[in-house]
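**Student:** Here you go, sequence then predicted model.
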Amino acid sequence: MAESFKISKSEGEAGGGENLEFGRSYSEKLQTAGRQLVSSLYMLVRSVKLYDPDNAIFNKPLTAMQDTINLIIAMEGKLELQGLRDSFYLNNMLIKVDVNSLDNLRYLQAEMQAKDVGGFTLVRPIGPQELKNFISIFAKDQQNQVEEDGLAGKKLVQMKVTKFSSIKEKLDKDNLAEPDEQKVDRKKYAMTCYARAVFFLRTYLEKMKEGKPLSAAKAGRVIQDLVDVSYEQRTHFLGMTSMREEGEYHVFHQVNTALMAIVFANELQLTKPQMKDVGLIALFHETGAANLPEELLKKPGALSPEEKSKVQKAPLETIKQILAEKNFSKASLMRLVATSEYKQEFGTAVKDSRGNIQMIIPKGQMSVYAKIVGICCVYDALTSKRPYRDAYGPEIALTLMWSEMRHKFDPEFLKVFMKVMAIQPVRVLSKNRQTVSIG
């Protein structure tokens, strides 16, 4: 039994590196078990910073984790957990977690990487004592290097731990080995996918004005390409959203919103089909505005009450277009719900005497897709040049969204979006200035 829980020195030694290839089919039972496993591991790693591993407080959580591990082995015949790129994979399947668990997941990965632990594998059931030996690796005062079979005096028997350094070395080697021409080709392909989306939406809006609307379902292939390329080209992908034509604001605005929504959904760990759904919703979220008079869209000054009324009715026109589609499907229904919700304010802001937002009281339940599209739509609108104002820079736009406009969005989603855009939602303003006003 001494052959099973050790730290491997190279991710690729045993199987040519195939353990870094993730893409098995989805299993709801394995997902549930995986979330339980990661949650238990997080709680144990946090607790071992405060209490000795032999403390009785660990008895129940260790037994719970043991039961989860042994269940997975009974289901799958093995258990392989790996942390990679802010995510965890269980038997090569990405473990999906809700947005409120992302910080816990990142904390766990940081603690594991600090101990050079990238994950572990098991092929046989395990007992609580061996789990306790494993958790001891993360104890507050533990400074010894983790060897292939665990810590001195607390050896591991049934488990095999994968070194984080070996995973990182493999990834770095693969990235360095990638030819520059291949990197350029991928960037060009990302640009091609973006151009196809712009061309499709431009054609779609033209046909709509002619009274010969195209089926929204025809955008499926375009959005799927954007979903696929976003996995590998996130940096180039987000960079493309800075490309705009002032004369075609709504075309580029809707494509850019779709791009950001897809990347945002990926960060929220939505599945690829869900990323495609939200991308389609975002691509068509403001098609009703295309029917507004051109002079109204380009008016540089303030709008009259009558003109404001026309602009405010544009979302209703979008909803009417969805309802008028010939083949009304489940996807059409999701678009209908999200389109009717994304402009709604998430909550009511409670401010102090200085006008700073102290808390936000939610008004009701909004769909996840509506929350994503709402945030991406406002960000792209703020960073776009309009006839009545210049474009705001990314930092100013996000500052406005985090201060004056924060009640419009789910705060937890907004935090994640700011991380996606590489802007942290703290220290955005100086201590003596907590708000920014528009205009």
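**Tutor:** Arrived safely, thanks for sending.
**Student:** okay, CA-based contacts and neighbour counts for the rest of this
**Tutor:** Noted.
**Student:** Going by residue numbers, what spans are strands in the stretch 51-200 of the chain?
**Tutor:** 79-84, 87-90, 93-94, 117-122, 150-151, 154-155, 159-163 (DSSP state E, counting those that start in this stretch).
**Student:** Any idea which of those gets closest to V263?
**Tutor:** For those, the distance to V263 is smallest for strand 87-90, at 15.0 Å, taking C-alpha to C-alpha.
**Student:** about what we covered before: between the strands of the stretch 51-200 of the chain, which gets nearest to I360?
**Tutor:** Comparing the strands of the stretch 51-200 of the chain by C-alpha to C-alpha, strand 87-90 comes nearest, at 29.6 Å.
**Student:** Adjacent strands (with direction) for that closest one?
**Tutor:** strand 79-84 (antiparallel), strand 93-94 (antiparallel) (DSSP bridges).
**Student:** export those strands to JSON lines and tack on mean neighbour count and mean pLDDT?
**Tutor:** Listed next are the strands paired with strand 87-90 as JSON lines, based on neighbours: other C-alpha atoms under 10 Å; pLDDT from 0 to 100:
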{"stretch": "strand 79-84", "mean neighbour count": "23", "mean pLDDT": "90"}
{"stretch": "strand 93-94", "mean neighbour count": "22", "mean pLDDT": "83"}
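**Student:** how's the protein carved up into domains?
**Tutor:** 7-174, 180-420 (automatic domain parsing).
**Student:** What pLDDT does the model give the spatially most central residue of the chain?
**Tutor:** With distances taken as C-alpha atoms, centre = their mean, E267 lies nearest the centre of the chain, 1.4 Å away. We have a pLDDT of 87 for E267.
**Student:** In this structure it contacts K419, no?
**Tutor:** No - applying C-alpha atoms under 8 Å, one finds E267 not in contact with K419, separated by 9.1 Å.
**Student:** K78: neighbour count?
**Tutor:** 17 (other C-alpha atoms under 10 Å).
**Student:** excluding its backbone neighbours, what's nearest A282?
**Tutor:** A258 (4.7 Å; C-alpha to C-alpha, 6 or more residues apart in numbering).
**Student:** for L226, same thing?
**Tutor:** C193 (6.2 Å).
**Student:** Strands of the stretch 301-439 of the chain, start to end?
**Tutor:** 347-351, 357-362.
**Student:** And the closest residue to F200 other than its chain neighbours, its phi and psi?
**Tutor:** Residue nearest to F200 in three dimensions, not counting chain neighbours: A219, with 7.3 Å by C-alpha to C-alpha, 6+ apart. For A219, the backbone dihedrals (degrees, to the nearest 10) come out as phi -80, psi -10.
**Student:** how far away is A219 from M275?
**Tutor:** 14 Å (C-alpha to C-alpha, to the nearest Å).
**Student:** thought the residue nearest to F200 was touching R202?
**Tutor:** No - under the criterion of C-alpha under 8 Å, A219 is not in contact with R202, lying 11.8 Å apart.
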